[in-house]
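1. Sequence and computational prediction follow.
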Amino acid sequence: MARKTKFGNQKFQLMDFILIVILTVWGLAIFLPFLNVIAVSFTSYKEYLETPLLLFPKRIDLQSYQELFKTGRIWTGYKTTLLYVAFGVPLALFLCCSTAYALCRRGYPGRKLIFTLILITMIFNGGIVPLYLVVKSLNLNNVAGVILVGGMNTFYMILMYNYFSSLPESLMESARLDGAGEWTILFRIVLPLSMPIIATVILFASVDRWNEWFNSMIFLRGNDWQPLQLVLRSIVIDSQVAADMSAQVTIEEKAFSNGIKMAAVMVTMLPIMCVFPFLQKHFAKGVMIGAIKS
Amino acid sequence: MEARIRQPNPSPSKLRTLGKNIVKNKSIYVLLIPGLVWYFIFAYMPMGGLSLAFKTYKANLGIWGSPWCGLENFTYVFRDPAFWASIKRTLIINLGRLIFQFPAPILIALMLNEVRVGRSKKVLQSIYTFPHFLSWVIVASIMTNLLSYDGLVNNIIGSMGGDTVNFLGNPKIFQPMLYISEIWKSSGYSAIIYMAAISGIDMDQYEAAEIDGASRMQRIRHITIPSILPTITVMFILMTGNLMSAGFDQIFNLNNAALKEVSDTLDMYIYRITFQSSADFSFSTAVSLFRSIINAILLFLADRGSKFMGGSGLFG
């Protein structure tokens, strides 16, 4: 008997070791690329050339950032993206809350039909071409248009609907008996009780707005109001293609631009890094959204 | 006689109660207005705009005024070899995703569950989930930095005496690159759902198995995996629901001139014919409609399938 447990323990330890090695290697495979990006953005060109395995710069050099912020593009990017977050998130919250609450109430004509019509949009949609034409015909091919198109999010709405439905009906019923209107009930009773789900939606919607680039690319063609993601795209991905194609780019310019590119990645990524600790608390609720959305 | 004919219609009193009901609940309808206006403009108008698939688009007449042309656009679409090639490519890539990408989060969840060092487990999990929240623009930029000729990976290969590898412009390894980068970005986050399923398993089962002398592998095989099998099945079905789309953001941002031949999936094809060459909106709407219908059928089946397997379906 004693030998058996001993044998078992030994096996456990070996397997524990293998597991830790695999998981750590995978962790490093995710972490090191970020470390490399940070290092490249803070390194002088000289050190970049001298160190092939650049993970910790010997000396912090801010020149890439200075160069990056000298061009006006990154500021335009920040301006547009901040507009997306500042207006897009409250809009999403307003649309999701009002619709979810109205769908929670029962016993009014047309509720089922409206619910069905909303659920249909999750399965069937027009796709990007008709959406683009509709948006263009309404003269909404601008920043306001991008904000409006991303306004409602059915997944978040359903998330709120489920939460509202779980609140005790008696609370709202007694408020109604006291003569409170639906708006009062929503703002005074339901929303204060729903702070956890509101926080979740605010965080996820903020990340969505921050990462928004596709609608902007389609709707803001030939427009100066490019959001940060598209500025980054044109700095890194498009210039990569240009650099590969034109042979006269000297190696020095190319390597130096690498620092600026990674500085651009850093300034685009930093806000996400900052909210990430808060996001982690909401994974359990958010994970279903991610699973379905992708 | 007259009364009998009228019978299918609601009686006046019924209409009156309906009217009363509407008036009584008018504040609820007011609450619904903003959302419904949004759905009308940004969901149902584009859906109606799909009628363009049966029209010849004239810019001055717009979507609604353009003349009908029957199925003409579809005959052009179905005659375009690039269309069929893009569908084939999409299916092959998604098949690869099901084979290579799908098991990755399950493996991560199983491994994280077995590892017994509390604190570092949390750190690891944070690292794994972080890339999910970055856009593909950022991830593609990071990959460009990491995998270019003078990037970290090629420097490591070079220092070990290997030849420089062209990771980003090689059509032959484009598909593996898609799977690996998607696993890198999102498998940690997708693992959460399996971790949640695992944490719901009754601990007594493990204790009983341990007393019976079951090894760790046996416990994984006979307790953990069977317990999370419903979750796995539901996730699998949901993923097949996206067989015709999935991954535009990724492919678009990892795409470059050298990969033109292998990256033209259905979504990329629609984007290309709509926004890059001289646009024929009727033609691309016809492709869009085709894609929307197939997608809707697949999603509908996926929803039914996942409900059938005891999952929550698409609508929570």
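-> All right, it came through fine.
2. Going by neighbour count, list what's buried in stretch A:266-277.
-> For stretch A:266-277, the neighbour count (16 or more other C-beta atoms under 10 Å in any protein chain shown) marks A:266-269, A:271-272, A:276 as buried. The way it works is simple: take the backbone N, C-alpha and C, and place the C-beta from them, glycine included.
3. quick one: is it near chain B?
-> Yes: Stretch A:266-277 is in contact with chain B by C-beta under 8 Å from any C-beta of the partner chain, via A:268-269, A:272-273, A:276.
4. Select from the buried residues of stretch A:266-277 every entry located in helices.
-> Secondary structure from DSSP state H places A:266-269, A:271-272, A:276 of the buried residues of stretch A:266-277 in helices.
5. elements contacting the helix of greatest length in chain B?
-> The longest helix of chain B (DSSP H) is helix B:281-308. The contact analysis (3 or more C-beta pairs under 8 Å, 6 or more residues apart in numbering or on different chains; DSSP states H and E) places helix B:281-308 against helix A:111-123, helix A:128-137, helix B:72-79, helix B:225-240, helix B:266-275.
6. Deepest-packed of those helices, please.
-> Burial of those is given as mean neighbour count (mean count of other C-beta atoms under 10 Å in any protein chain shown); helix A:128-137 ranks first at a mean of 22.
7. That one close to chain B?
-> Yes: interface with chain B: helix A:128-137 contributes A:128-134, A:137 (C-beta under 8 Å from any C-beta).
8. Next: stretch A:103-110.
-> Yes: interface with chain B: stretch A:103-110 contributes A:103, A:105, A:107-109 (C-beta under 8 Å from any C-beta).
9. try stretch A:198-210
-> Yes: using C-beta under 8 Å from any C-beta, stretch A:198-210 reaches chain B at A:V207.
10. Quick check: mean pLDDT of that stretch?
-> Regarding stretch A:198-210, the rounded mean pLDDT is 93.
11. Then stretch B:109-129?
-> Stretch B:109-129 comes out at a mean pLDDT of 86.
12. Show me which residues of that stretch are buried.
-> By neighbour count on 16+ other C-beta under 10 Å, the buried set for stretch B:109-129 is B:109-115, B:124-125, B:127-129.
13. Among those residues, which lie within strands?
-> Counting by DSSP state E, the buried residues of stretch B:109-129 place none of their members in strands.
14. From those residues, pick the one nearest A:S206.
-> For these, the residue nearest A:S206 by C-beta to C-beta is B:T129; the value is 16.7 Å.
15. isn't the closest one right next to B:S187, touching?
-> No: judged on C-beta atoms under 8 Å, B:T129 makes no contact with B:S187 at a distance of 9.6 Å.
16. phi, psi of B:W68?
-> Phi and psi for B:W68, reported as degrees, to the nearest 10, are phi -70, psi 150.
17. who touches it in this structure?
-> Residues near B:W68 by C-beta atoms under 8 Å, 6 or more residues apart in numbering or on different chains: B:54-55.
18. Same question for the one 3 residues further on.
-> With contacts defined as C-beta under 8 Å, 6+ apart, the neighbours of B:L71 are B:F54.
19. again, only using 7 Å
-> If a contact means C-beta atoms under 7 Å, 6 or more residues apart in numbering or on different chains, then B:L71 has no contacts.
20. Looking at it now. What's its pLDDT?
-> With respect to pLDDT, B:L71 scores 90.
21. Name the spans of chain A whose pLDDT lies under the cut-off.
-> Along chain A, the model assigns pLDDT under 70 to residues A:1-12, A:238-256, A:284-294.
22. Could you find the closest non-adjacent residue to B:S263?
-> Spatial nearest neighbour of B:S263, excluding adjacent residues (C-beta to C-beta, 6 or more residues apart in numbering or on different chains): B:N255 at 4.6 Å.
23. my guess is B:I237 meets B:G305, correct?
-> Yes: using C-beta atoms under 7 Å, B:I237 makes contact with B:G305 at a distance of 4.2 Å.
24. Give me the phi and psi for A:R106.
-> As for A:R106, its main-chain torsions (degrees, to the nearest 10) stand at phi -120, psi 170.
25. Likewise for B:G70?
-> Backbone torsions of B:G70, given as degrees, to the nearest 10, read phi 70, psi -140.
26. Who's the closest spatial neighbour of it, skipping the chain neighbours?
-> Leaving out its chain neighbours, the residue that sits closest to B:G70 by C-beta to C-beta, 6+ apart is B:F54, at 6.3 Å.
27. Spit out the contact partners of that neighbour.
-> Applying C-beta under 7 Å, 6+ apart, we find B:F54 in contact with B:68-70.
28. What of B:N253?
-> Counted by C-beta under 7 Å, 6+ apart, B:N253 has contacts A:237, B:136-137, B:140.
29. what about B:L107, which SS state?
-> Here B:L107 is helix, with the state taken from DSSP: H, G, I helix; E, B strand; the rest coil.
30. And it, how far from chain A?
-> Distance, B:L107 to chain A, using C-beta to the nearest C-beta, to the nearest Å: 9 Å.
31. Mind picking the two most distant members of the buried residues of stretch A:266-277?
-> Within the buried residues of stretch A:266-277, A:V267 and A:F276 form the most distant pair, 15.8 Å apart (C-beta to C-beta).
32. coming back round to it: quick one: which of the residues of stretch A:266-277 next to chain B is nearest A:M15?
-> A:F276 (31.1 Å).
33. Report how many residues lie close to the closest residue to the closest one other than its chain neighbours.
-> Using C-beta to C-beta, 6+ apart and skipping the chain neighbours, the partner closest in space to A:F276 is B:F130 (6.0 Å). When neighbours are defined as other C-beta atoms under 10 Å in any protein chain shown, B:F130 has 21 of them.
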